[in-house]
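Engineer: Sequence and predicted structure are below.
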Amino acid sequence: MTRGRPRYPDVLTPREWEVLGLLREGLTNEQIASRLAISENGVKYHVAEILSKLGVASRHEAAAWQRKPRNDRFAAFAFLLSSVKGIAYGTAGKVIGGIVVVGTVGALGLLALAVISMDKRDAALDVPQFVYSTEVRSLQEGSRTWPTRAVISYNVTDGREKVLLEYGGVSEYPVKERLAPSHLFYATEHRLNRAGLDGSNPQQVFAFPQSDPAVIQDFDISSDGRKVALILGAELNAPAFLIFLDAATGQELARIGGTDSRLNGFTGYLWKVHWRDDDLGVVVSGGTSSSRPGGRATVMLDGTVKVLDQEGFVHLASHGRYVADGAGAICGELISGHQVRVRDLDSDTILESASDSTKALTPWSLSPDGDELLYQQREWNGSGGCSNDVEWYLITRQGATPVPDLAGLFAQWYGPRLVELVCERTVYPGLTTVLPDRWADMYERCIGGSTSAGQLRLAGKPIDDVRDVFILGFLGF
């Protein structure tokens, strides 16, 4: 069972209530494991969570415990707050829901996500809400693991959480969720669905038979909520299709195949898609089976295609019209070079740049409006090696300036929408990664350690314990 399931509007999760009920029957960990068909280590984890959340010291005290207000749990997390420190590695992409910072705070890895407002609100939603998803359980069948994800809304005003919907499971592998002005869209490998912003009235928008080898690899919704762009492919490294659909009816509006001559020069297979903020087209990203970066291309609804002439990995601004690149292959990685730059995709104009033949420069993250580029600078010894000491700089139209306070910069960029995920271990132990990543996803997860669950925080306040998190955005503010 996957640890780090989302919090429900109660002091314990449903599974924890099950375990507590069996504790009240006097069962041992071994007996509980047998009853619930989970491992004994899984039972130990749930029991430890129960004791912590209920504020009791023993199984017997837990069995005698009576319900208390949910707000008690928030107070219990206050001691875990800490600051962002120790940053040494990075990559970036677009901002659709925010940014993620992965770092080290003492013995913990810190994943900080700052989420920009998506300015999408339903008239019935009169309170500010933070919306995200997380894996809540998984089932192994044959050679494949089938996860189930929950989409959760956190009421910023009163701290209450609500599970809007769960989806996935056997034969319905979850792919992604997106927010639109009046609907929540979510996709499995073979179908695209939409529901109200409160998770009600789910409807199928697009589907094809389970026997079809093609799967939905990624999708995005236009800012007006009227059009869907999805990438459909049979398998990685195989030709795929970019398809535009009417978001209400599922009717196909246009498509382009990965082997289309208009995509000549595009590296890799079609993998990720992101709408421009003018809703005239999308930016598609390529995936590869090597460490080399995939291509980028702008595909407009009128059929115009422009393949980006890029250097290294490319970082996409949230509005889909600017990119940052320039990374080469020094420092033993494919992320650093001697220059960084921000370009306008439509005019191919260089808006801002920095270069130094004696330094290793690594593009990191574009600001929400795309007008500022954060990058890191390291000493380069001239033969491929680079220092581990990092200096941070910010490029604007006025030039490059040092960034002495990275946390302060993120606070300035994202304000009250700063989100953090604190983990015992991260993908890059002891290092820090800022997302949205190079593929335009707003996703992060905890790995390994004594527990794979991390603590999700909003504006410094603990709100959930999750193994992974995908940020959908904000409603109402």
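Structural biologist: All right, it came through fine.
Engineer: How many neighbouring residues does residue 142 have?
Structural biologist: By other CB atoms under 10 Å, 7 other residues sit near residue 142. Glycine gets a C-beta too; all of them are placed from N, C-alpha and C.
Engineer: Same question for residue 25.
Structural biologist: 10.
Engineer: swap in residue 209?
Structural biologist: 7.
Engineer: swap in the one 3 residues further on?
Structural biologist: A count of nearby residues for residue 212, using other CB under 10 Å, gives 12.
Engineer: Look up the pLDDT of it for me, please.
Structural biologist: pLDDT for residue 212: 74.
Engineer: Please verify my assumption that residue 421 contacts residue 455.
Structural biologist: Yes: under the criterion of CB atoms under 8 Å, residue 421 makes contact with residue 455 at 7.0 Å.
Engineer: Comparing these two, which shows the higher neighbour count?
Structural biologist: More neighbours surround residue 421 than the other of residue 421 and residue 455, with 28 against 21 (other CB under 10 Å).
Engineer: May I have the phi/psi pair for the more buried one?
Structural biologist: phi -120, psi 110 (degrees, to the nearest 10).
Engineer: Return the residues in contact with residue 402.
Structural biologist: Counting by CB atoms under 8 Å, 6 or more residues apart in numbering, residue 402 touches 391-394.
Engineer: Of those residues, select the buried ones using a PyMOL command.
Structural biologist: To isolate the buried members of the contacts of residue 402 in PyMOL, using 16 or more other CB atoms under 10 Å:
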select buried, resi 392+393+394
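Engineer: Check the contacts of residue 402 and tell me the two furthest apart.
Structural biologist: 391 and 394 (11.3 Å; CB to CB).
Engineer: Now do the strands in the stretch 1-150 of the chain.
Structural biologist: Counting by DSSP state E, counting those that start in this stretch, the stretch 1-150 of the chain has strands at residues 99-105, 108-114, 129-141, 144-155.
Engineer: least reliable of the ones you listed going by mean pLDDT?
Structural biologist: Here the strands of the stretch 1-150 of the chain differ in mean pLDDT, and the lowest is strand 99-105 at a mean of 37.
Engineer: Can you show me the CA trace of stretch 363-382 as PDB?
Structural biologist: Below are the C-alpha coordinates for stretch 363-382, written out as PDB (Å, rounded to 0.1, in the frame of the first residue of the first chain):
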ATOM      1  CA  PRO A 363      19.300  27.900 -16.600                       C
ATOM      2  CA  TRP A 364      17.000  27.200 -13.700                       C
ATOM      3  CA  SER A 365      13.600  28.800 -13.600                       C
ATOM      4  CA  LEU A 366      11.600  31.500 -15.400                       C
ATOM      5  CA  SER A 367       9.500  33.900 -13.300                       C
ATOM      6  CA  PRO A 368       5.700  33.500 -13.600                       C
ATOM      7  CA  ASP A 369       5.500  36.300 -16.200                       C
ATOM      8  CA  GLY A 370       8.600  34.900 -18.100                       C
ATOM      9  CA  ASP A 371      10.400  38.300 -17.800                       C
ATOM     10  CA  GLU A 372      13.100  37.000 -15.300                       C
ATOM     11  CA  LEU A 373      15.400  34.000 -15.500                       C
ATOM     12  CA  LEU A 374      17.000  32.500 -12.500                       C
ATOM     13  CA  TYR A 375      20.300  30.700 -13.200                       C
ATOM     14  CA  GLN A 376      23.200  29.300 -11.300                       C
ATOM     15  CA  GLN A 377      26.900  30.100 -11.900                       C
ATOM     16  CA  ARG A 378      29.900  27.900 -11.100                       C
ATOM     17  CA  GLU A 379      33.600  28.000 -11.700                       C
ATOM     18  CA  TRP A 380      34.800  26.100 -14.700                       C
ATOM     19  CA  ASN A 381      38.400  24.700 -14.800                       C
ATOM     20  CA  GLY A 382      38.600  24.700 -18.600                       C
END
